[in-house]
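Engineer: Need a 3D model of the sequence below.
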Amino acid sequence: FLANLATVVTMDTYGPICDNAGGIAEMAKLDNTIRQKTRVLNFAGVSFAAIGKGHAIGSATLVSVSLLGAFLSRVRLSNMIYVAGVNTLDPLFFTFLVVGGMLPFAFSAMTMKSVATTAMAVVGEVKFQFDRNPSLLTDNQ
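Structural biologist: The predicted model follows:
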């Protein structure tokens with residue numbers, strides 16, 4: 001399932017890279033034709049990001065199902081649950097099922113929080129740079 005990782009990461013990063021290129025072209029006051037080309041590339045990047053998210057969701061689903069299957073196999077081998085089937089009323093099984101189902105959401109929340117923290121640090125640094133050097137706001141550097 002990690003074979004999809006390179007594809008998903010590449011598709012998710014293409015859009016922001018093209019968007020940044022467009023922003024740099026605009027700030028550098030390059031020719032309008034260059035900005036038009038970067039805008040088209042940005043539209044393609046947004047589409048790639050949407051497709052990449054579908055791949056990521058599908059891959060996460062396959063991983064979740066595989067982990068549940070592996071868990072059930074190990075549980076059956078250790079005779080914690082009767083061999084004929086899974087007893088979802090068993091407190092231990094149910095607890096780990098709930099915790100396992102929660103893990104992707106917990107890691108997603110931690111990732112979103114770290115991204116927000118980093119973004120706020122970037123905003124703070126930009127504000128610091130503008131406060132320290134007000135001539136950055138003008139064209140006369």
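Engineer: going forward, measure contacts and count neighbours with C-alpha atoms only.
Structural biologist: OK.
Engineer: residue ranges with poor pLDDT in the protein?
Structural biologist: 1-4, 61, 65, 69, 75-90, 94, 98, 139-141 (pLDDT under 70).
Engineer: Tell me which stretches of it form strands.
Structural biologist: With strands called from DSSP state E, the chain shows none.
Engineer: and Asp19, what is it in contact with?
Structural biologist: Contacts here follow Cα atoms under 8 Å, 6 or more residues apart in numbering; on that basis Asp19 touches 38-39, 42.
Engineer: Of the residues you listed, which is the nearest to Gly54?
Structural biologist: Asn42 (18.8 Å; Cα to Cα).
Engineer: any idea how far Tyr14 is from that closest one?
Structural biologist: 8 Å (Cα to Cα, to the nearest Å).
Engineer: Compare these two and say which one has the larger neighbour count.
Structural biologist: Asn42 (21 against 18; other Cα atoms under 10 Å).
Engineer: That one against Gly15, yeah?
Structural biologist: Yes. Asn42 is within contact range of Gly15, at 5.6 Å (criterion: Cα atoms under 8 Å).
Engineer: how far out from the middle of the chain is stretch 21-28?
Structural biologist: 25 Å (Cα atoms, centre = their mean, to the nearest Å).
Engineer: With just CA atoms, put that stretch into PDB.
Structural biologist: Once non-C-alpha atoms are left out, stretch 21-28 reads as follows in PDB (Å, rounded to 0.1, in the frame of the first residue of the first chain):
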ATOM      1  CA  ALA A  21       5.300  29.800  -9.300                       C
ATOM      2  CA  GLY A  22       2.400  31.900 -10.400                       C
ATOM      3  CA  GLY A  23       2.800  34.100  -7.300                       C
ATOM      4  CA  ILE A  24       6.500  34.600  -8.000                       C
ATOM      5  CA  ALA A  25       5.800  35.400 -11.600                       C
ATOM      6  CA  GLU A  26       3.200  38.000 -10.500                       C
ATOM      7  CA  MET A  27       5.400  39.600  -7.800                       C
ATOM      8  CA  ALA A  28       8.400  39.700 -10.200                       C
END
